[in-house]
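> Any chance you could fold what I've pasted below:
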Amino acid sequence: MRLSDLEVNKKITLQCHDNPDADAIASGYGLYCYFQSKGREVRLVYSGANRIQKSNLCLMVEKLKLPIEYISVARGETVQVEGLLITVDCQYGSCNVTGLTSDNVAIIDHHQLEKDAILQSIINPNLGSCATLVWKLLREEGFDVNGDENLGTALYYGLYTDTNQFSELYNPVDMDMREAVTVDKSLITLFRNSNLSLKELEIAGIALIRYSYNDDYEFAVIKAQPCDPNILGLISDFLLQVDAIKTCVVFNEVHDGYKFSVRSCIREVNASELADFLADGIGSGGGHYEKAGGFISLRRYEEKYPTLHTEGYFNNRMTQYFDSFELIYAEDYEVDLSTMKKYVKRKIPVAYVKADEILPVGTPITIRTLEGDIDMTVEEDLYILIGIKGEVYPNRRKKFLETYSLLDDSYDRTAYIHKAEYAPVIKNRLDGRDMLLSDYAHGCIPTGEVHIHARPLEKGVKVFTAWDKNKYMLGKPGDYLAVRCDDLHDIYVVERDMFARSYDAAGK
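Below is the predicted model of the structure:
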């Protein structure tokens, strides 16, 4: 479904969840601008027991001149609205969106599906904010978001607050939106510095003296009173300054579940990956290497853990995380080849880019992929491989030419540029310019000359490769640990499906 599919409705009511936050308000305003531009009669509203009171939200509404209305509805009653009702940053029928009803309903949201699906739904739980989803939908319709600085500022602030000041930003589409919209940075500064109340200061202080600590793995867990999600980040940032604490999680209850913030100050724990582990199967999580966060659905939590209190869950889950993997430092690791078999890479065409054909040598770049950002500098011998799922592998010329044969430019590009969920982008950090890697790609094919030893993993593993000693490759049970036959310290992980598609047993 697209926004244009909803234009048949002449009257449209956009409803944010009760006690709307910046993301809900911004998302609703983006949709308001779009439907108003199409000549529709549109309203942006919210209901529930309370009006907007937080100082940063009041400033947001005032300074950006946002046309949001409060509809007061008696407890237990509903108001029928005429035309289409779209719930924004929430799902119709959930406990956090009350007061209004309609015979024609749509949903635009970025949370996990909470109720039975409604036909007219656009839900993407992989995004950090609903503002990003709305920005994406507006771009798909050719709507000029940057024609209104107030709109760009609202969407930016919605993403900023819902990702804990960008510290829990992990989806590349979120990153693209952050960098694309026109923003009044002075207003963002004003909103940001009006975010903490005296009550929230008290909440942070109380939380810090009620921690639990695991001495074996040096992590702490704290439950805070209900508060703005940004306060969780403030508490966890402070907590990590304690010398004995290397990782931590701070959480609290919200209307439909639990928000949590994760911090790590050691290279062996990627906070984004830990957040995803904590929410696995019952929510969503992600962020950056040092800072991350997530959300756990109350309904899903109660279905899976009906008798387990949340402090117990987070402490147990943290322990399970540390018990779930072994560490491999490739530079010093002695591989046991007796447990491994020999394989050769299949001759499947893939794409490559010679970096200095795009930008001058010495240019600082960021390669943005679905797996995360890779910061590099363009060098004369830098080659960038693009795999069959859009994954990116930086290579040096010597090893690349030993491993791959170049395809003639007349070769069919569709054979080596494979469809992926997110097409990798190269970003020039000097001027901010973005370029699709596939626009500059050539084709190549494995020579079949390089063999590897590999074995399936029975337990998780974190590999610090010889070419990157600061970040690890994560392998899960069923993935493969691989090592090049001609370099026993070139150790890496191959995801299970990728291995089955890319390698054959040697001798076949």
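> surely residue 472 meets residue 269?
No: between residue 472 and residue 269 there is no contact under Cβ atoms under 8 Å: 9.3 Å. To be clear about C-beta, it is placed using only N, CA and C from the backbone, and glycine gets the same treatment.
> What separation is there between residue 225 and residue 203?
5 Å (Cβ to Cβ, to the nearest Å).
> Give me the more crowded residue out of these two.
residue 203 (22 against 15; other Cβ atoms under 10 Å).
> mind listing what's buried in whichever strand or helix holds that one?
According to DSSP states H and E, residue 203 maps onto helix 198-208. Residues 200, 203-204, 207-208 are the ones in helix 198-208 that count as buried (16 or more other Cβ atoms under 10 Å).
> Distance from the chain centre to it, please.
Offset of helix 198-208 from its chain centre (Cα atoms, centre = their mean, to the nearest Å): 28 Å.
> Please renumber the chain so that the first residue is 233 from this point on.
OK, 233 is where the count begins now, so the last one is helix 430-440.
> Check which helices and strands it sits against.
strand 451-455, helix 461-471 (3 or more Cβ pairs under 8 Å, 6 or more residues apart in numbering; DSSP states H and E).
> Recalculate using a threshold of 10 Å.
When contacts are defined as 3 or more Cβ pairs under 10 Å, 6 or more residues apart in numbering; DSSP states H and E, helix 430-440 sits against strand 451-455, helix 461-471, strand 479-486.
> Need the contact partners of it.
286, 428-429, 452, 454-460, 462-464, 466-468, 470-471, 474, 482-484 (Cβ atoms under 10 Å, 6 or more residues apart in numbering).
> overlap in contacts of residue 704 and residue 501?
By Cβ under 10 Å, 6+ apart, the residues touching both residue 704 and residue 501 are 521, 557, 694.
> As CSV, those with neighbour count would be great.
What follows is the shared contacts of residue 704 and residue 501, written out as CSV (neighbours: other Cβ atoms under 10 Å):
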residue, neighbour count
521, 16
557, 20
694, 20
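> Nearest to residue 655 among those residues?
Taking Cβ to Cβ as the measure, residue 655 sits nearest to residue 521 out of those, at 23.2 Å.
> ok so, going back, looking at the helices and strands packed on helix 430-440, which is nearest to residue 407?
Per Cβ to Cβ, nearest to residue 407 of these: helix 461-471, 18.3 Å.
> Determine the set of other helices and strands touching the closest one.
Under the contact criterion of 3+ Cβ pairs under 10 Å, 6+ apart, helix 461-471 touches helix 381-394, helix 430-440, strand 451-455, strand 479-486, strand 489-496, strand 523-529.
> Flag the shaky bits of the chain, pLDDT-wise.
Within the chain, the stretches with pLDDT under 70 are 327, 344-349, 461-462, 519-520, 603-604, 664, 740.
> Just the buried residues of the biggest helix by length in it, please?
Ranked by residue count, the top helix of the chain under DSSP state H comes out as helix 254-269. Neighbour-count burial for helix 254-269, counted by 16+ other Cβ under 10 Å, picks out 254-267.
> which among those gets closest to residue 380?
The closest of the buried residues of helix 254-269, once distances to residue 380 are taken by Cβ to Cβ, is residue 265, at 6.4 Å.
> With adjacent residues omitted, what lies nearest to the closest one?
With Cβ to Cβ, 6 or more residues apart in numbering as the criterion, residue 265 has its nearest non-adjacent residue at 5.6 Å, and that residue is residue 383.
> follow-up on the earlier one: what angle separates the longest helix of the chain from helix 381-394?
In terms of direction (axes from the mean of the first three to the mean of the last three Cα atoms, to 10 degrees), helix 254-269 departs from helix 381-394 by 150 degrees.
> quick one: the helix or strand just after helix 254-269 to chain centroid distance?
Note on helix 254-269: by DSSP H and E, the next helix or strand toward the C-terminus is strand 273-278. Going by Cα atoms, centre = their mean, the spacing between the C-alpha centre of strand 273-278 and its chain's C-alpha centre is 29 Å.
> Now do the buried residues in strand 273-278.
Applying a neighbour-count criterion of 16+ other Cβ under 10 Å, one finds 274-278 buried in strand 273-278.
> do the same with stretch 627-639
Within stretch 627-639, the residues scored as buried using 16+ other Cβ under 10 Å are 627, 631-632, 635-636, 639.
> Name the nearest of these relative to residue 494.
Looking at those and their distance to residue 494, the nearest is residue 627, at 32.6 Å (Cβ to Cβ).
> who does that closest one bridge with?
Beta bridges link residue 627 to residue 615 when assigned by DSSP bridges.
> Please tell me how far it sits from residue 553.
Residue 627 sits 32 Å away from residue 553, going by Cβ to Cβ.
> Check residue 701 too.
In this view, residue 701 and residue 553 are 22 Å apart by Cβ to Cβ.
> higher neighbour count, the two?
residue 553 (19 against 12).
> helices and strands around the helix or strand hosting the more buried one, which ones?
Take DSSP H and E as the rule and residue 553 turns out to sit in helix 542-555. Counting by 3+ Cβ pairs under 10 Å, 6+ apart, the packing neighbours recorded for helix 542-555 are strand 444-446, strand 451-455, strand 479-486, strand 489-496, helix 503-510, strand 523-529, helix 530-536.
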